[in-house]
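# Build me a structure from this.
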Amino acid sequence: MRKLLLPLVAALALVVVSCLTIVPEGYRGIMLRFNKVQRDDAGKVVVYSPGLHFKAPFIDSLKVLDARIQILGDQEDRFVTVEKKDLLVDSYVKWRISDFGQFYTATGGDYQKASDLLRRKVGDRLRSEIGSRTIKDIVSGSRGELMAGAQKALNAGEDGAEKLGIEVVDVRVKQINLPNEVSSSIYQRMRAERDAVAREHRSQGQEKAEMIRAEVDKKVVLIEANATKTAEELRGAGDAEAAKIYADAFSKDPEFYSFVRSLKAYEASFSQDQNNMMLLKPDSEFFRFMKAPTK
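Numbers count the residues shown, from 1 in each chain. Alright, predicted model coming up:
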């Protein structure tokens, strides 16, 4: 009897375990019977909250859906502004399941499929929002309005995220870039403008340098002219003073003055190269002071 009781208890425990299922915290459950979604009397999908639940063994299966906020990111697309300018916009979307029955009906509980469908909707919405604005508005002016408008439009309308049982919590534009070819042309134009400004500054600097150099040269010429004038005046005054001194000395003792001048002439003449030769008459006046004094 005990041998039969043990297998019976094990089988009963197996049945009881198979009748229990758990929905984790932060998740919701959809019960499937023969892979068909269970609905209530009103035809709505039955959603199981977190906790312990019962199910029919072997015929029911629980599909667990994440109720937490999901992030759809790494999405960089090319958009065209109202000015017909291309932009590369990197954005991300926060979303969560608002209607688990609708979500499972629309996507079969496949998050990849839900992300693909939502990505297309987000792209269409951003294309519409960006297409009605200029680059300046998008970059600096109305980026907040753009994101708020995209979020509102995604949660409303006949083709909104609500059809997927999804609520878009937030739409964010992380980065806005210009395509490489546009960035290159803008960089070249900016470089040309900066080069033009640099050339203008250089030409103005050279003009000022020439003006300063000319002014300095003018001052140098004036200083040199004044210095030359002063030097000539001083030299003239010195020569006049020397001539006066010589004249006064000569007038006081003409014979002594003549003697000194002759000595200087002798010194200048006799200090020359020995090869030089002077031809003078013995009675020349030049040797007057070299002769014996007459009594």
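
# does S18 really touch P57, like I thought?
Yes: applying Cβ atoms under 8 Å, one finds S18 in contact with P57, separated by 3.7 Å. For the C-beta atoms, the positions are set from N, CA and C on the backbone; glycine is no exception.

# Neighbours of G101, how many?
For G101, the neighbour count with other Cβ atoms under 10 Å is 20.

# how far away is it from I59?
Separation of G101 from I59 (Cβ to Cβ, to the nearest Å): 20 Å.

# same question, V260
Distance from V260 to I59, by Cβ to Cβ: 152 Å.

# Comparing those two, which shows the higher neighbour count?
Under the neighbour definition other Cβ under 10 Å, V260 and I59 were set side by side, and V260 has more, 12 against 9.

# element containing the more buried one, please.
Using DSSP states H and E, V260 sits within helix 254-270.

# Check the contact between K94 and A161; I expect there is one.
No: counting by Cβ under 8 Å, K94 sits too far from A161 to count as a contact (11.6 Å).

# Comparing these two, which residue is more hemmed in?
A161 (24 against 16).

# wait, what's in contact with that one?
W95, L118, K121, L154, N155, E167, V168 (Cβ atoms under 8 Å, 6 or more residues apart in numbering).

# Recalculate using a threshold of 6 Å.
Residues counted as contacts of A161 (Cβ atoms under 6 Å, 6 or more residues apart in numbering) are L154, V168.

# and it, what pLDDT?
Reported pLDDT at A161 in the predicted model: 81.

# One more: Q204?
Note for Q204: predicted pLDDT of 91.

# how about the helices of the stretch 51-200 of the chain, start to end?
In the stretch 51-200 of the chain, the segments counted as helices under DSSP state H, counting those that start in this stretch are 100-107, 111-130, 135-136, 143-155, 180-252.

# Show residues contacting the shortest one.
With contacts defined as Cβ under 6 Å, 6+ apart, helix 135-136 is touched by T81, K85.

# what distance separates that helix from the centre of its chain?
Distance, stretch centre to chain centre, for helix 135-136: 18 Å (Cα atoms, centre = their mean, to the nearest Å).

# For S49, give its distance to I30.
Separation of S49 from I30 (Cβ to Cβ): 12 Å.

# between the two, who's got more neighbours?
I30 (22 against 11).

# dump the residue contacts of that one.
Counting by Cβ under 6 Å, 6+ apart, I30 touches K63, Y104.

# Sticking with it, tell me its helix or strand.
Assessed by DSSP H and E, I30 sits inside strand 27-33.

# Just checking: what are the partner strands of that strand?
When pairing is defined by DSSP bridges, strand 27-33 lines up against strand 36-37 (antiparallel), strand 47-48 (antiparallel), strand 60-66 (antiparallel).

# Counting neighbours, what do you get for the closest residue to F58 other than its chain neighbours?
Of all residues not flanking F58 in the chain, S18 sits nearest, at 6.5 Å (Cβ to Cβ, 6 or more residues apart in numbering). Number of residues near S18 (other Cβ under 10 Å) recorded here: 13.
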